[in-house]
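Colleague: next comes the sequence, and after it the predicted model I'd like to discuss.
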Amino acid sequence: MSGRSFEKFAELASKIIAVGKNYADHIKEMGYAATSATKKGEPLIFMKPTSAFVKEGSKIEIPPGCANLHHEVELGVVIGRLAKKVREEEAMQYVAGYTVALDMTDRDLQATAKKNGTPWTIPKGFDTSCPVGSFIPKKAVPDPHALRIWCKVNGETRQDGTTSDMIFSIPFLISYITNYITLYPGDVVLTGTPAGVSGVKEGDVIEAGIGDLSKVRFEVGTYEAPAQENN
Ligand SMILES: CC(=O)CC(=O)C(=O)O
Ligand SMILES: [Mg+2]
């Protein structure tokens, strides 16, 4: 993204790589047996399409047929340089900054996918499933593993955790992911959610933040077709 501002990360062709089961309290609330994300003790990785990005000012759309839409507040890591097979010790050099993100999830559809062993593409990747805040430059965050991360629905606190509770650290995750998938400037890595995920419905207001660094506000709504232009 040379010469371009990272403020635009959500408008470019940026991948969203998401990490699941990275906080023990969330693993517990979801009823998972072990604290390792996978049988091999490696992180659980999935992707969201770029069409999942939504910025403040637009609504989070409830996907068709969804009766159980959950919020998951997450620290988003914005990649600054092409990263391929990066060593853990050098991984932070590839970080441009951070953002507050929501990993919106159709929980019923995800449960069905888990039961059937099918991918989470629709339950995690539907349009507007990745609301993001503004870009926070790396220099504004002395320690990304010591940040309060919180989420409120209609003013009521639902999630209040700390990034110090991540099971897999940011350098480990970048190294692990780039061993398989090359990351490009503007790509975003969602680092998992702490406990407290809960359902939202039309009209609810979700606020989320990372410490005092960044705060976002999104309203939950339904899809509104753009007005037809008369030729
Ligand atoms: C169980 C999940 O939905 C995994 C996930 O996204 C997480 O943040 O943990
Ligand atoms: Mg998540």
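Modeller: Sure thing, it's come through. Ligands and ions are numbered 1, 2, ... in the order given.

Colleague: for the closest residue to N22 other than its chain neighbours, what are phi and psi?
Modeller: Leaving aside its sequence neighbours, N22 sits nearest to G192 (Cβ to Cβ, 6 or more residues apart in numbering; 2.7 Å). Every C-beta, even on glycine, is put in place using the N, C-alpha and C of the backbone. With angles defined as degrees, to the nearest 10, G192 sits at phi 100, psi 160.

Colleague: who are the contact partners of G192?
Modeller: A18, V19, G20, K21, N22, Y23, H26, E74, M166, I167 (Cβ atoms under 8 Å, 6 or more residues apart in numbering).

Colleague: let's go with 10 Å and repeat that
Modeller: 18-23, 26-27, 37, 43-44, 72, 74-75, 103, 161, 163, 165-168, 173 (Cβ atoms under 10 Å, 6 or more residues apart in numbering).

Colleague: just S51 next, same as before
Modeller: S51 neighbours (Cβ under 10 Å, 6+ apart): I16, G125, F126, D127, T128, S129, C130.

Colleague: show the buried residues in the residues you listed.
Modeller: I16, G125, F126, T128, S129, C130 (16 or more other Cβ atoms under 10 Å).

Colleague: between the residues you listed, which is nearest P63?
Modeller: F126 (4.0 Å; Cβ to Cβ).

Colleague: how about the helices in the chain?
Modeller: Along the chain, the segments classed as helices by DSSP state H run 24-29, 107-116, 121-125, 170-178.

Colleague: residues from the protein in reach of ligand 1?
Modeller: Residues of the chain found near ligand 1 (Cβ under 6 Å from any ligand atom) are A18, G20, K21, N22, H26, M30, E72, D103, T105, G192, T193.
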